[in-house]
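Engineer: Requesting a structural model of the entry that follows:
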Amino acid sequence: MARTAEEARAQAEAAARARTVGAEQNATVAGEETFTLFAKALSQASPTIRAKIAQQLKDAGIYRGKVSGEFNNRFYDALIEAEKRRAELATVIDVPDRYDFIASLATEGDGDGGPSVTESLTLLTDDKAKALIDAVIQDQLGRKANDAEIARYTKLVRKAQKASPTVTTAQKVGGRTKVTTTGGFDAGQYLLDQVSGTDEGKANKVLGFYETFMRALGAD
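Structural biologist: Numbering: from 1, shown residues only. Modelled structure (predicted):
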């Protein structure tokens, strides 16, 4: 809640600017999350991740002010500006995801041209974790997951996700921006390994069952 008239006016202006992003920019690429969800995820991310993105936006000449890990009006305004540029580019070519696009803007902006590194985390929501755990246990053990298993495996998979962030490096090479993404985490394979390695999993490891699920995960 705004504490002063100036803060209220700033919040109203930010909301108005967000609306100008529009439906087209809010879903630049079919099937991806909306800009609103992207911004909300950043507001809940660690200050370290926000500081890295703020620095990239500053290198791109979009973010004005001192770089910090705060999610404030200046940071939000810079995200909106980056989203507008991405939406415009998406009308003529395929665009990278928002993290990679911001990284590429940094190498094309007013910075020193050095490599820009972005670290991002994606954690399973409660609903997605439950659905995935249920699917793995059903296929491996032939039954539904119980509440204790859902709680235990959700905690384990989120801990593993935090230890394996996606790292995107963007650098301008010969007039072109080279973007490299490494890391990331396969929650399905991780859960498969965990469940199949239990005593119950080993006892229920029927060959046809196992191979069918591995193929569904895209494994050889």
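
Engineer: Show me what the single longest helix found in the chain is packed up against.
Structural biologist: Across the chain, the helix with the greatest residue count (assigned by DSSP state H) is helix 73-90. Packing partners of helix 73-90 (3 or more C-beta pairs under 8 Å, 6 or more residues apart in numbering; DSSP states H and E): helix 5-20, helix 22-26, helix 35-43, helix 47-59, helix 98-108. In short, each C-beta sits where N, CA and C put it, glycine included.

Engineer: Worst mean pLDDT among these?
Structural biologist: Mean pLDDT across the helices and strands packed on helix 73-90 is lowest at helix 22-26; the value there is a mean of 45.

Engineer: Tell me the pLDDT of Arg85.
Structural biologist: At Arg85, pLDDT is 89.

Engineer: how far away is it from Leu37?
Structural biologist: For Arg85, the distance to Leu37 equals 19 Å [C-beta to C-beta, to the nearest Å].

Engineer: Please identify the buried residues of the longest helix of the chain?
Structural biologist: For helix 73-90, burial by neighbour count (16 or more other C-beta atoms under 10 Å) applies to 74-87, 90.

Engineer: in the protein, what secondary structure element scores lowest on mean pLDDT?
Structural biologist: helix 22-26 (a mean of 45; mean pLDDT, DSSP states H and E).

Engineer: Run through the residues that contact Tyr153.
Structural biologist: For Tyr153, the contact set (C-beta atoms under 8 Å, 6 or more residues apart in numbering) comprises Ala129, Ile133, Ala145, Leu191, Gln194, Val195.

Engineer: go again using 6 Å as the cut-off
Structural biologist: Tyr153 is in contact with Ile133, counting by C-beta atoms under 6 Å, 6 or more residues apart in numbering.

Engineer: Okay, buried residues for whichever strand or helix holds it please.
Structural biologist: Per DSSP states H and E, Tyr153 falls inside helix 147-162. By 16+ other C-beta under 10 Å, the buried positions in helix 147-162 come out as Glu149, Ile150, Tyr153, Thr154, Val157, Arg158, Gln161.

Engineer: Also stretch 190-198?
Structural biologist: Within stretch 190-198, the residues that qualify as buried are Tyr190, Leu191, Leu192, Gln194, Val195, Ser196, counting by 16+ other C-beta under 10 Å.

Engineer: From those, which land in helices?
Structural biologist: Here DSSP H is the test, and the buried residues of stretch 190-198 give Tyr190, Leu191, Leu192, Gln194, Val195, Ser196 as lying in helices.

Engineer: so who does the third one touch?
Structural biologist: Taking C-beta under 6 Å, 6+ apart, we find Leu192 in contact with Val136.

Engineer: Run through the chain and note the low-pLDDT ranges.
Structural biologist: The model of the chain has pLDDT under 70 over residues 1-31, 109-117, 171-177, 205-220.

Engineer: Assign a three-state SS to the residue sitting nearest the centre point of it, would you?
Structural biologist: Centroid-nearest residue in the chain, with C-alpha atoms, centre = their mean: Thr122, separated by 4.9 Å. Taking DSSP: H, G, I helix; E, B strand; the rest coil as the rule, one finds Thr122 in the coil state.

Engineer: Ramachandran coordinates for it?
Structural biologist: The phi and psi values for Thr122, taken as degrees, to the nearest 10, are phi -130, psi 110.

Engineer: Find the nearest non-adjacent residue to it, please.
Structural biologist: Spatially, and ignoring its direct neighbours in sequence, Thr122 is nearest to Gln161 (6.9 Å; C-beta to C-beta, 6 or more residues apart in numbering).
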